[in-house]
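# Build me a model:
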Amino acid sequence: MQTRTLIKQAQDTDDLDGLEALVREYLNWDIDQLAALSGVPIDPEDYVSNTFEEISAYFPPRGRLLLARNGSELVGMAFLKPVRKDACEVKRMYVRPDQRGQRLGAKMLDQLIDEAAAMGYVRILLDSATYMPGAHALYRSRGFIDMEFYPEGETDEAFKPFMVYMERIL
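Got it, this is the predicted structure:
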């Protein structure tokens, strides 16, 4: 019998069981790809540390941190944080490869869009690397359009040519 995957909002640090391993898994994959493409060495631990240093930004009332669990196993995540009074940013959206095909990414993104609108944000921003066309297709299917670089993102200057920046007006 297959366990049903549930998506829940993390309310505080007590809800984060397994998150560091999932963040590290995602960032190791992403940063390996970006370093190979750009030729610039990157330490994924800096990004892991940064994620957890500012983890409170992803909790209510102004942020969201969605966790997808298949039973007790954490299999997906999607973060949303404020970047301006009227704008928020999607970060660290990831579903483990063996869990793809269940529309978990689409479900988490739809929930983030609904939550952002309910919180009164006017726009949602995101950045994604050029080697993620599947993610770009999902974002575009939800009304995101390409835009220029936005300064609140965490993109270093050397990586801008390898990034796609998007926004959705709510």
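# Helix, strand or coil: sort out residue 68 for me.
Under DSSP: H, G, I helix; E, B strand; the rest coil, residue 68 falls in the strand class.
# what pLDDT does it get?
Residue 68 carries a pLDDT score of 95 in this model.
# Can you report how many residues neighbour it?
Counted by other Cβ atoms under 10 Å, the residues lying close to residue 68 total 24. C-beta: built from backbone N, CA, C; applies to glycine.
# Please report how far it lies from residue 158.
In this view, residue 68 and residue 158 are 32 Å apart by Cβ to Cβ, to the nearest Å.
# again, but for residue 10
Distance from residue 10 to residue 158, by Cβ to Cβ: 32 Å.
# which one of the two has more residues nearby?
Neighbour comparison, residue 10 and residue 158: the larger count goes to residue 10, with 21 against 12 (by other Cβ under 10 Å).
# Surely residue 148 touches residue 165?
Yes: using Cβ atoms under 8 Å, residue 148 is in contact with residue 165, at 6.4 Å.
# Quick check: longest helix in this structure by residues?
The longest helix of the chain (DSSP state H) is helix 19-38.
# Can you point out the buried residues in the helix or strand following that one?
Remark: after helix 19-38, the chain's next helix or strand is helix 44-53, criterion DSSP states H and E. Across helix 44-53, burial judged by 16 or more other Cβ atoms under 10 Å covers 44, 47, 48, 51.
# This protein: helices as residue ranges?
Counting by DSSP H, the chain has these helices, from start to end: 19-38, 44-53, 104-118, 133-141.
# tell me the average confidence for the first one?
Taken as a whole, helix 19-38 has a mean pLDDT of 92.
# With the shortest one instead?
In this model, helix 133-141 carries a mean pLDDT of 97.
# Could you quantify the relative orientation of it and helix 104-118 as an angle?
40 degrees (axes from the mean of the first three to the mean of the last three Cα atoms, to 10 degrees).
# re earlier: right, and the helices of the chain - which one's nearest residue 85?
Set against residue 85 and scored by Cβ to Cβ, the helices of the chain come closest in helix 104-118, at 13.1 Å.
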